[in-house]
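1. Here's a sequence, model it:
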Amino acid sequence: MISKKGTIVDLVLMPVFTTVIVLGFILLSILATINGLHGDLQPEKASTAINSGLLTIGLHDLTGNIDYIYSNKHNFSFDFQDNKILVYTKKKDKSDAITYSFAEDGSLGRLTFIPKTLNFTNKTIRELHFVKQGNVVFVDSPVVNKKFKANLDLLECSREKTTALKKDIILDPALGWDKSLEKEGVPAGEKGYMNQRLQITESDVNRILAARLFGYGKDFFAEKAQHTRSLSQDSKVDLKEKINKIQKSKGNAVISLRLGSYDDTDFNPVVAYINGESNDIKASRKLACRILNSLSSKLPEITDIAIVPVSISQLDNFYSKSPKRVLLKDKIGLQLVIGNVQIGNKNMIVEKQDDIARAIYDGIKAY
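-> Numbers count the residues shown, from 1 in each chain. Next up is the predicted model:
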């Protein structure tokens, strides 16, 4: 009978046992290279440093947005830098730190890593949020920042060099209505969407938003009289006249403003329409992206943002009166359709007109 019992020598020389021992030494060697291996919680701290660095790198490969929650069994302090992360057991102390470098030159490609979103070094925490939103990657924590909330609606804007904006942008308050003409019994123009309860008319709100935007960015826009219609009062201007003004303008860009109207009062989007046949579609899309991200960042009421290319040549054939026809082929241009006029209470297009204008202006500056 063959005995199933083995000697100590047999066990030690078994291939599986030998492999485990070798892998154990390799793991210890790796941990030892990460700024030393000593004291309690060093392996856990090293693991946290590695995982945090790899997560930061991984976020830069994503095209969509994400808020990934990473939790530890133990509390640590963190110091995120341009190209590395330091993890401490209790407080910022170089002798206690485990360091993991994840980008030698501090650059991780098309996105921007913001390492100093918060100072984690003065507080030990278990939960980190690794966030990719739009063009930015950062790390935050609701434990430290009570106001933290990821904005996963932001768009990733192109970083490709595009045509510069000349400082003569034309503003187009879409539509237009002249009350005096109505009294005379002649066509008075288009009011657009209305909300009787809030006593708002789209044509006038479009004008007010354009006027406020002009007030913020006089350094960007054409002279007041050069825009497609008056910024001082609601007025009627034929679409052909508007297009003619834009064609003759010195500037290379037009921003048109409209309001949205949707039956679902929980739906409060901002949509940027651009000319899909434009000679400068990349610049139009980039400008639209910057403005939409600025609006979404500063107005929490906004539920959705989107960029929609349209065929202006098809509009010429089938809907010649469309306000989108101001988006000319040889101009950088977009038409912003803002909010939802059907929202009855706390409607941002009534209560936050100045905030909307400022956010659009900031988006133009970001371009």
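2. Mind naming the longest strand for the protein?
-> As assigned by DSSP state E, the longest strand anywhere in the chain is strand 66-80.
3. Can you list the strands that the host helix or strand of residue 99 pairs with?
-> Using DSSP states H and E, residue 99 sits within strand 98-101. Sheet pairing of strand 98-101 (DSSP bridges) gives strand 84-88 (antiparallel).
4. Give the residue spans of this protein that score low on pLDDT.
-> 1-40, 91-94, 104-108, 117-121, 185-186 (pLDDT under 70).
5. Centroid-nearest residue for it?
-> By C-alpha atoms, centre = their mean, the chain has its centre lying nearest to residue 154, at 2.9 Å.
6. and the closest residue to that one other than its chain neighbours, how many neighbours does it have?
-> Leaving aside its sequence neighbours, residue 154 sits nearest to residue 134 (C-beta to C-beta, 6 or more residues apart in numbering; 3.3 Å). In this view, the C-beta of every residue, glycine as well, is placed from N, C-alpha and C. Residue 134 has 21 neighbouring residues, counting by other C-beta atoms under 10 Å.
7. Surely residue 134 and residue 159 touch.
-> No - look at residue 134 against residue 159 with C-beta atoms under 8 Å: they stay out of range, at 11.5 Å.
8. so residue 195 sits right up against residue 345, yeah?
-> No - counting by C-beta under 8 Å, residue 345 is not a contact partner of residue 195; they are 11.3 Å apart.
9. how does the chain divide into domains?
-> Under the assignment automatic domain parsing, the domains of the chain span 10-140, 170-366.
10. Which one of the ones you listed lies nearest to residue 148?
-> Closest to residue 148 of the domains of the chain, according to C-beta to C-beta: domain 10-140, at 4.7 Å.
11. can you give me the strands for the stretch 1-150 of the chain?
-> Using DSSP state E, counting those that start in this stretch, the strands found in the stretch 1-150 of the chain span residues 66-80, 84-88, 98-101, 112-114, 125-133, 136-140.
12. how about those strands in JSON lines, adding distance to residue 341 and mean neighbour count?
-> JSON lines is the format used below for these (distance: least, C-beta to C-beta, whole Å; neighbours: other C-beta atoms under 10 Å):
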{"stretch": "strand 66-80", "distance to residue 341": "32", "mean neighbour count": "16"}
{"stretch": "strand 84-88", "distance to residue 341": "48", "mean neighbour count": "23"}
{"stretch": "strand 98-101", "distance to residue 341": "52", "mean neighbour count": "19"}
{"stretch": "strand 112-114", "distance to residue 341": "36", "mean neighbour count": "17"}
{"stretch": "strand 125-133", "distance to residue 341": "29", "mean neighbour count": "20"}
{"stretch": "strand 136-140", "distance to residue 341": "32", "mean neighbour count": "21"}
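13. Columns distance to residue 221 on top of these, output as JSON lines?
-> Shown next, in JSON lines, are these (distance: least, C-beta to C-beta, whole Å):
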{"stretch": "strand 66-80", "distance to residue 221": "37"}
{"stretch": "strand 84-88", "distance to residue 221": "44"}
{"stretch": "strand 98-101", "distance to residue 221": "47"}
{"stretch": "strand 112-114", "distance to residue 221": "28"}
{"stretch": "strand 125-133", "distance to residue 221": "30"}
{"stretch": "strand 136-140", "distance to residue 221": "28"}
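14. nearest to residue 189, of those strands?
-> Nearest of these (C-beta to C-beta): strand 125-133, 40.9 Å.
15. who touches that closest one?
-> For strand 125-133, contacts defined as C-beta atoms under 8 Å, 6 or more residues apart in numbering pick out 52, 55-56, 59-60, 62, 64-78, 111, 137-144, 148, 150-152, 154.
16. mind redoing it with 7 Å?
-> Contacts to strand 125-133, defined as C-beta atoms under 7 Å, 6 or more residues apart in numbering, come from residues 55-56, 59, 62, 65-72, 75, 138-141, 143-144, 148, 150-152, 154.
17. So for stretch 298-307, what gets flagged as buried?
-> By neighbour count on 16 or more other C-beta atoms under 10 Å, the buried set for stretch 298-307 is 298, 299, 301, 302, 305, 307.
18. Can you name the residues that contact the third one?
-> For residue 301, the contacting residues are 268, 348, by C-beta under 7 Å, 6+ apart.
19. Against residue 283, how distant is it?
-> Here residue 301 is placed at a distance of 29 Å from residue 283 (C-beta to C-beta, to the nearest Å).
20. where does residue 160 fall, helix, sheet strand or coil?
-> coil (DSSP: H, G, I helix; E, B strand; the rest coil).
21. Measure how far the longest strand of the chain is from the centre of its chain, please.
-> 24 Å (C-alpha atoms, centre = their mean, to the nearest Å).
22. List the neighbours of it that are in contact with it.
-> The contact list for strand 66-80, computed with C-beta under 7 Å, 6+ apart, reads 41, 44-45, 48, 51, 55, 85-92, 115, 120-121, 123-132, 139, 150, 152.
23. Over to stretch 47-58?
-> 34, 68, 70, 72, 76, 85, 87, 98-100, 102, 108, 113, 130, 137.
24. again, only using 10 Å
-> If you take C-beta atoms under 10 Å, 6 or more residues apart in numbering as the criterion, stretch 47-58 is touched by 30-31, 34-35, 41, 66, 68, 70, 72-74, 76, 78, 80, 83-87, 97-103, 108-109, 113, 115, 126, 128, 130, 132, 137-139.
25. coming back round to it: which one of the domains of the chain is the most hemmed in?
-> Of these, the one with the most neighbours on average (mean count of other C-beta atoms under 10 Å) is domain 170-366, at a mean of 19.
26. Great, nothing more from me.
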